[in-house]
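A.B. asks: Got a sequence here, can you model it:
(one chain, ligands or ions: 1)
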Amino acid sequence: MSNINKPGSFGSSRGISKKPKKDNTRKPSSTRWIGRQLNDPYVLETQKRGYKSRAAFKLLQINEKHNFLKSGLAVIDLGCAPGGWLQIASQKVCSVNGKEKVVGVDLLPTEDIPGCISIVGDILDQSVGKNLIQILGCRPNIVISDMAANTTGHRQTDHIRTTYLLESALDFAIENLQKNGVFLAKCFKGGAEIEALSLMRKYFAKVSHIKPDASRKESVEGYVIALGFKEL
Ligand SMILES: C[S@@+](CC[C@H](N)C(=O)[O-])C[C@H]1O[C@@H](n2cnc3c(N)ncnc32)[C@H](O)[C@@H]1O
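C.D. replies: Next comes the predicted model:
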């Protein structure tokens, strides 16, 4: 993998570990989170490049491997806030004749991002899916989903809730993708995702798991990418 989508050598990678300021009122989990942020080279690089989120690097790295975001293609981004994936997708596909080819949805509002349209909505609501297609003006070539449920800390519960979002994103993709389309989604391994994976194998020519470098090693987070949508 080239270095362009990886942060340079600084901060913790030089062995200098920054520590959060002492605050006895803070929970230990918050202190650990701040410590991770201070020592995470992707966090600094996110700010430097003006990305809306650190997640932007995950999409950059997945695309570097699979090269699926191409000029002229139409993209729908499920769970798009705060907008890192929208930024990368719009840079890669570009708007055609001034018409946005990237449309996103999230439960939370997303700040305006050039080349994209985003709406607030719940993808579990069927009418939201129809609205996305209407705004895009065509069926998508690519559906990407970084959707995650709020974590409870209970591993199995979090796995099941995120898998439900994966299944909902997959249903949307199967219903709407153009032939040869691509589906990329966050996927927590843990057992419940097996059914969704076998559905992907049925509808797509190739299905692969990927854990980009920007996805924290200690996290159960991973991604699944399905290429070559077959209209059955
Ligand atoms: C990890 S964040 C996405 C980050 C985004 N890819 C980026 O690059 O900035 C996951 C998002 O999924 C959204 N989400 C969860 N359930 C959803 C649902 N049912 N419909 C729409 N969005 C949902 C959350 O609100 C959250 O903003």
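
A.B. asks: Tell me how the chain divides into domains.
C.D. replies: Per automatic domain parsing, the structural domains of the chain span 3-49, 56-229.

A.B. asks: so what pLDDT did Ile34 get?
C.D. replies: As predicted, Ile34 sits at a pLDDT of 65.

A.B. asks: And the lowest mean pLDDT element among the helices and strands of this structure?
C.D. replies: Here the helix or strand of the chain ranked lowest by mean pLDDT, DSSP states H and E is helix 28-38, holding a mean of 65.

A.B. asks: Which SSE is immediately downstream of that one?
C.D. replies: Next along the chain after helix 28-38, taking DSSP states H and E as the criterion, comes helix 41-49.

A.B. asks: and the next helix or strand after that following helix, which residues are buried?
C.D. replies: Counting by DSSP H and E, the next helix or strand C-terminal to helix 41-49 is helix 56-66. In terms of neighbour count (16 or more other Cβ atoms under 10 Å), helix 56-66 has its buried residues at Ala56, Phe57, Lys58, Leu59, Leu60, Gln61, Ile62, Asn63. No exception for glycine: its C-beta is placed from N, CA and C like everyone else's.

A.B. asks: for those residues, which one is nearest the ligand?
C.D. replies: Closest to the ligand out of the buried residues of helix 56-66 is Ala56 (5.7 Å), distances taken as Cβ to the nearest ligand atom.

A.B. asks: Do I have it right that that closest one meets Ser90?
C.D. replies: No: with contact defined as Cβ atoms under 8 Å, Ala56 and Ser90 do not form a contacting pair (11.3 Å).

A.B. asks: what sits in contact with each of the two?
C.D. replies: When contacts are counted by Cβ atoms under 8 Å, 6 or more residues apart in numbering, Ala56 and Ser90 have no shared neighbour.

A.B. asks: any idea how far the ligand is from the residue most central in space within the chain?
C.D. replies: Closest to where the C-alpha atoms of the chain average out (Cα atoms, centre = their mean) is Asp146, at 3.1 Å. Asp146 sits 3 Å away from the ligand, taking Cβ to the nearest ligand atom, to the nearest Å as the criterion.

A.B. asks: Likewise for Ile135?
C.D. replies: Taken as Cβ to the nearest ligand atom, the span from Ile135 to the ligand is 15 Å.
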